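**Student:** Give me a 3D structure for the following:
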Amino acid sequence: MIKLTAITKTYVAGKSTVEALKGLDFEISAGELMVIRGPSGSGKSTMLNIVGLLDAPTGGVVELDGKRVTYEDFDSLATIRSRTISFVFQSFNLNPVLTAEENVMVPLMVRDDIEKSEKWRRAAEWIEKVGLATHRNHRPDELSGGQRQRVAIARAMVSQPKLVIGDEPTANLDSKTARNLLGLMKDLNRERGTAFLFATHDPIFDDFSTRTALLQDGKLTEATDRR
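**Tutor:** Residues are numbered from 1 along each chain as shown. Prediction:
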């Protein structure tokens with residue numbers, strides 16, 4: 001589905017240059033459940049942003065479904081993302097003036113191929129699936145950290161994406177809630193072939209992933225296929 005070849009990413013901070021990624025090769029296929037591990041500062045978030053088409057690499061090639069991605073038109077990339085990729089951010093990124101249910105529906109608002117009634121149906125369905133039906137009209141500041149994370153996960157699932165990307169997606173959840181949500185993700189993977197790519201230190205993902213890889217010093221140094 002997505003392939004990275006010889007990817008480099010360099011940041012300039014004042015007079016310093018930081019190489020976040022150093023010739024990274026990576027690919028993920030439809031239906032994979034993949035976990036990236038690595039120490040803080042190893043480049044995990046940078047890699048996820050490039051895989052998710054949120055950021056352009058300094059060098060190398062990114063391919064989506066066999067076609068090279070270009071970065072001249074970010075509006076076109078935004079359209080591709082809205083129909084292909086969803087994200088679970090560590091900082092939630094919820095709109096503070098919208099209710100939980102409205103936040104879940106945000107990815108569908110730009111979709112003109114889905115009827116309005118279907119958008120509301122999906123949002124209501126996912127709010128219920130993550131156990132927040134009684135909080136559907138609450139705004140983010142009225143929710144706990146774990147509840148906000150569940151809203152963020154429902155928002156990622158509602159568009160039925162081909163790929164879900166998460167940066168420590170269970171960081172604010174208790175183990176029981178995390179396992180329940182991973183079960184929902186497994187169902188989506190089995191029913192729709194949705195792929196998942198998570199950067200996490202949480203050992204709960206050992207039973208979830210089909211493949212794990214270690215990112216260290218800007219390169220993937222080892223991978224384990226658990227299929």
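
**Student:** any idea where the strands of this protein begin and end?
**Tutor:** Secondary structure of the chain (DSSP state E): strands located at 2-13, 16-28, 33-37, 59-64, 67-68, 85-88, 163-167, 195-199, 211-216, 219-225.

**Student:** Between these, which one is closest to residue 137.
**Tutor:** strand 85-88 (22.3 Å; CB to CB). Backbone N, C-alpha and C define where each C-beta goes, glycine included.

**Student:** Could I get the average pLDDT for the closest one?
**Tutor:** Across strand 85-88, the average pLDDT comes to 90.

**Student:** which parts of that strand are buried?
**Tutor:** Residues of strand 85-88 classed as buried by neighbour count (16 or more other CB atoms under 10 Å): 85-88.

**Student:** do the same with stretch 6-23
**Tutor:** By 16+ other CB under 10 Å, the buried positions in stretch 6-23 come out as 7, 9, 20-21.

**Student:** Residue 142: which of those residues is nearest?
**Tutor:** Of all the buried residues of stretch 6-23, residue 142 sits closest to residue 20, with 36.7 Å by CB to CB.

**Student:** wait, doesn't that closest one sit right on residue 215?
**Tutor:** No. Here residue 20 lies out of contact with residue 215, judged by CB atoms under 8 Å, at a distance of 10.3 Å.

**Student:** so what sits against both of these two?
**Tutor:** residue 43 (CB atoms under 8 Å, 6 or more residues apart in numbering).

**Student:** Return the longest helix in this structure, judged by number of residues.
**Tutor:** Ranked by number of residues, the top helix in the chain under DSSP state H is helix 175-192.

**Student:** could you say what helices and strands that helix packs with?
**Tutor:** Applying 3 or more CB pairs under 8 Å, 6 or more residues apart in numbering; DSSP states H and E, one finds that helix 175-192 contacts strand 33-37, helix 145-157, strand 195-199.

**Student:** Restrict it to CA atoms and write it as CSV.
**Tutor:** The C-alpha coordinates for helix 175-192 follow below in CSV (Å, rounded to 0.1, in the frame of the first residue of the first chain):
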residue,chain,number,x,y,z
SER,A,175,-5.5,-2.0,30.1
LYS,A,176,-9.1,-3.2,29.9
THR,A,177,-10.2,-0.3,27.7
ALA,A,178,-7.1,-0.6,25.6
ARG,A,179,-7.8,-4.3,24.9
ASN,A,180,-11.4,-3.7,24.1
LEU,A,181,-10.4,-1.0,21.5
LEU,A,182,-7.7,-3.2,20.0
GLY,A,183,-10.4,-5.8,19.6
LEU,A,184,-12.5,-3.3,17.6
MET,A,185,-9.4,-2.6,15.5
LYS,A,186,-8.9,-6.3,14.9
ASP,A,187,-12.5,-6.6,13.7
LEU,A,188,-12.0,-3.8,11.3
ASN,A,189,-8.8,-5.4,10.1
ARG,A,190,-10.6,-8.7,9.6
GLU,A,191,-13.7,-7.3,8.0
ARG,A,192,-12.3,-4.6,5.8
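
**Student:** For that helix, list every residue counted as buried.
**Tutor:** Buried, per 16+ other CB under 10 Å, within helix 175-192: 177-178, 181-182, 185, 188-189.

**Student:** out of these, who's nearest residue 207?
**Tutor:** Distances from residue 207 to the buried residues of helix 175-192, taken by CB to CB, are shortest for residue 182, at 8.2 Å.
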